[in-house]
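1. how would this look folded up:
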Amino acid sequence: MNHVTKEMKRLMGKALHSRDMIQDGDHVMVAVSGGKDSLSLLWLLRERLGRVPIQYKITAVHVDPGFGADSAGRMEEFFSAHGFESRVVRGGFGPLAHGPENRENPCFLCSRIRRKVLFETARELGCNKIAFGHHKDDVIETFFLNIFYGASVSTMNPVQESSAENSMS
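-> Below is the predicted model of the structure:
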């Protein structure tokens, strides 16, 4: 095991333990974009199952916004090849969010719809936790987006309870 992997495992374990993020019996949905952050999180959470005294279930979920790059097909192959329990959701909201009628802030709308799909999928699968592969840069970026576009001084928290906004019913 190389130094980077060992350090990632150590830091993740420290964060999970100090914030009491996963308890025995949890069903954790891992939101997998296909990028290095979410894929690392998925691998590390599965590897951790073999060495901690609690049991939890993980389900990988990928939401394809429908831009035509077939991320859904690639993620289905990846999950299957590596034995991950998974769900892939195909959507068509990406091109709509980035269409001519929504030039103001297309990334915000696309992200919001994707998050809604993730929360709905978690409910369908019976997951009581959702894990996102966010890191410090994401926290800082969210802070500035909230200042510039939301007129608020806030950012994401390491642990956040589900709210009415998250369920977006």
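2. element containing A15, please.
-> helix 3-18 (DSSP states H and E).
3. list the buried ones in that helix?
-> M12, L16 (16 or more other CB atoms under 10 Å). Every residue, glycine included, has its C-beta placed from N, CA and C.
4. ok, residues contacting that helix?
-> Helix 3-18 has contacts (CB atoms under 8 Å, 6 or more residues apart in numbering) with M21, I22, S40, L41, L44, E47, R48, P158.
5. look at V61 and give its secondary structure.
-> At V61 the chain is in strand, as set by DSSP: H, G, I helix; E, B strand; the rest coil.
6. ok, so of the contacts of helix 3-18, who is nearest G133?
-> Nearest to G133 out of these is L41 (CB to CB; 4.2 Å).
7. so who does the nearest residue to the closest one once chain neighbours are set aside touch?
-> Spatial nearest neighbour of L41, chain neighbours left out: G133 (4.2 Å); criterion: CB to CB, 6 or more residues apart in numbering. Counting by CB under 8 Å, 6+ apart, G133 makes contact with V30, A31, V32, S33, G35, D37, S38, L39, S40, L41, L42.
8. can you list the buried residues in the helix ranked longest in the chain?
-> Longest helix in the chain, counting residues (DSSP state H): helix 106-125. Neighbour-count burial for helix 106-125 flags P106, L109, C110, I113, R114, R115, K116, V117, L118, F119, T121, A122 (criterion: 16+ other CB under 10 Å).
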